[in-house]
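Asks: I'll drop the sequence and a predicted model, then ask my questions.
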Amino acid sequence: MIRGAFIAVLVVLPVWSQSAAPSNQGDRTSSQQQPKTDPPAKPEAKGPTSLTGCIDEQEGQWVLVNDQTLAIMANLAAEGFPPEGFAKHVGHKVTVRGTSSSGGSHPLFKVRTIETISETCSSR
(Lines give C-alpha, C1' and ligand atoms only; values in the text may rest on other atoms or scores of the structure.)
Protein backbone atom coordinates (compact mmCIF):
# COMPACT_ATOMS: atom_id res chain seq x y z
CA MET A 1 0.00 0.00 0.00
CA ILE A 2 2.75 2.47 0.90
CA ARG A 3 4.69 1.48 -2.20
CA GLY A 4 1.64 2.30 -4.39
CA ALA A 5 1.23 5.73 -2.78
CA PHE A 6 4.92 6.48 -3.32
CA ILE A 7 4.68 5.60 -7.02
CA ALA A 8 1.59 7.78 -7.38
CA VAL A 9 3.49 10.74 -5.92
CA LEU A 10 6.36 10.15 -8.33
CA VAL A 11 3.97 10.08 -11.26
CA VAL A 12 2.15 13.25 -10.16
CA LEU A 13 5.26 15.30 -9.38
CA PRO A 14 6.75 15.22 -12.90
CA VAL A 15 3.38 16.22 -14.37
CA TRP A 16 2.99 19.05 -11.87
CA SER A 17 6.56 20.31 -12.39
CA GLN A 18 6.14 20.21 -16.17
CA SER A 19 2.94 22.24 -15.96
CA ALA A 20 4.68 24.79 -13.74
CA ALA A 21 7.76 25.01 -15.95
CA PRO A 22 6.27 27.06 -18.81
CA SER A 23 5.11 29.82 -16.45
CA ASN A 24 8.61 29.99 -14.87
CA GLN A 25 10.23 30.08 -18.29
CA GLY A 26 7.81 32.77 -19.35
CA ASP A 27 8.82 34.85 -16.33
CA ARG A 28 12.50 34.42 -17.12
CA THR A 29 11.99 35.28 -20.77
CA SER A 30 10.02 38.42 -20.02
CA SER A 31 12.62 39.62 -17.50
CA GLN A 32 15.38 39.02 -20.02
CA GLN A 33 13.53 41.03 -22.66
CA GLN A 34 13.25 44.10 -20.44
CA PRO A 35 15.77 46.82 -21.27
CA LYS A 36 18.82 46.73 -19.06
CA THR A 37 20.17 49.87 -17.46
CA ASP A 38 23.92 50.21 -17.49
CA PRO A 39 25.53 51.17 -14.18
CA PRO A 40 27.28 54.55 -14.24
CA ALA A 41 30.97 54.36 -15.07
CA LYS A 42 31.91 56.71 -12.22
CA PRO A 43 30.17 57.43 -8.93
CA GLU A 44 27.73 60.26 -9.42
CA ALA A 45 28.08 63.49 -7.50
CA LYS A 46 25.61 63.98 -4.71
CA GLY A 47 23.39 67.07 -4.62
CA PRO A 48 24.43 70.37 -3.07
CA THR A 49 25.47 69.99 0.54
CA SER A 50 27.72 71.56 3.16
CA LEU A 51 30.50 70.45 5.49
CA THR A 52 32.00 72.21 8.48
CA GLY A 53 35.60 71.76 9.53
CA CYS A 54 39.04 73.30 9.17
CA ILE A 55 40.91 73.90 5.94
CA ASP A 56 44.43 72.54 5.72
CA GLU A 57 46.95 71.68 3.05
CA GLN A 58 48.45 68.19 3.21
CA GLU A 59 50.83 66.75 0.63
CA GLY A 60 49.93 69.45 -1.90
CA GLN A 61 46.19 68.80 -1.57
CA TRP A 62 43.62 71.08 0.04
CA VAL A 63 41.62 69.15 2.64
CA LEU A 64 38.88 69.73 5.18
CA VAL A 65 39.69 68.24 8.58
CA ASN A 66 37.60 67.62 11.67
CA ASP A 67 38.19 70.51 14.07
CA GLN A 68 38.36 68.15 17.08
CA THR A 69 40.36 65.15 15.79
CA LEU A 70 42.07 66.78 12.78
CA ALA A 71 41.15 63.68 10.73
CA ILE A 72 40.61 64.35 7.04
CA MET A 73 36.92 64.63 6.19
CA ALA A 74 37.25 65.38 2.45
CA ASN A 75 39.64 66.43 -0.28
CA LEU A 76 38.72 69.88 -1.58
CA ALA A 77 38.52 71.15 -5.15
CA ALA A 78 37.68 74.74 -6.05
CA GLU A 79 34.69 75.24 -8.32
CA GLY A 80 34.26 78.73 -9.74
CA PHE A 81 37.35 80.23 -8.06
CA PRO A 82 41.10 79.56 -8.18
CA PRO A 83 42.37 76.81 -5.86
CA GLU A 84 44.69 79.37 -4.24
CA GLY A 85 41.53 80.80 -2.65
CA PHE A 86 41.76 78.07 -0.01
CA ALA A 87 45.08 79.50 1.25
CA LYS A 88 43.51 82.45 3.05
CA HIS A 89 41.31 80.01 5.03
CA VAL A 90 44.06 77.64 6.26
CA GLY A 91 43.66 77.09 10.00
CA HIS A 92 40.15 78.57 10.03
CA LYS A 93 36.97 76.74 10.93
CA VAL A 94 34.70 77.08 7.91
CA THR A 95 31.53 75.79 6.31
CA VAL A 96 32.06 74.83 2.68
CA ARG A 97 29.13 74.44 0.31
CA GLY A 98 29.18 72.46 -2.90
CA THR A 99 28.88 68.88 -4.11
CA SER A 100 30.48 65.69 -2.87
CA SER A 101 31.48 62.60 -4.82
CA SER A 102 33.26 59.38 -3.94
CA GLY A 103 36.90 59.14 -4.71
CA GLY A 104 40.04 57.62 -3.28
CA SER A 105 40.29 57.22 0.46
CA HIS A 106 38.29 60.42 1.10
CA PRO A 107 35.34 61.96 -0.74
CA LEU A 108 36.09 64.79 -3.15
CA PHE A 109 34.17 67.93 -2.22
CA LYS A 110 33.81 70.50 -5.00
CA VAL A 111 33.59 73.79 -3.11
CA ARG A 112 31.47 76.61 -4.49
CA THR A 113 31.46 78.85 -1.42
CA ILE A 114 33.37 79.14 1.87
CA GLU A 115 31.96 80.76 5.00
CA THR A 116 34.32 81.44 7.91
CA ILE A 117 32.95 80.26 11.26
CA SER A 118 36.05 80.99 13.35
CA GLU A 119 39.55 82.29 12.71
CA THR A 120 40.96 79.31 14.63
CA CYS A 121 40.45 75.56 14.84
CA SER A 122 40.30 73.82 18.18
CA SER A 123 41.92 70.45 18.71
CA ARG A 124 41.09 68.75 21.96
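Replies: That came in fine, so what should we check first?
Asks: drop to CA atoms for contacts and neighbour counts, all remaining ones
Replies: Will do.
Asks: ok, residue 93 to residue 117 distance?
Replies: Here residue 93 is placed at a distance of 5 Å from residue 117 (C-alpha to C-alpha, to the nearest Å).
Asks: give me the more crowded residue out of those two.
Replies: residue 93 (23 against 14; other C-alpha atoms under 10 Å).
Asks: low pLDDT regions in the chain?
Replies: 1-47, 103, 123-124 (pLDDT under 70).
Asks: could you redo the last one with a cut-off of 90?
Replies: 1-48, 101-106, 121-124 (pLDDT under 90).
Asks: domains in it, by residue range?
Replies: Described in terms of automatic domain parsing, the domain architecture of the chain consists of the residue ranges 1-37, 49-118.
Asks: would you agree residue 75 is in contact with residue 106?
Replies: Yes. If you go by C-alpha atoms under 8 Å, residue 75 and residue 106 touch, sitting 6.3 Å apart.
Asks: of these two, which one has the most company?
Replies: residue 75 (24 against 14).
Asks: show me where the protein has its helices.
Replies: 2-33 (DSSP state H).
Asks: would you map the strands across it?
Replies: With DSSP state E as the definition, the chain shows strands at residue ranges 49-58, 61-65, 72-78, 93-101, 108-118.
Asks: packing partners for the second one?
Replies: Applying 3 or more C-alpha pairs under 8 Å, 6 or more residues apart in numbering; DSSP states H and E, one finds that strand 61-65 contacts strand 49-58, strand 72-78.
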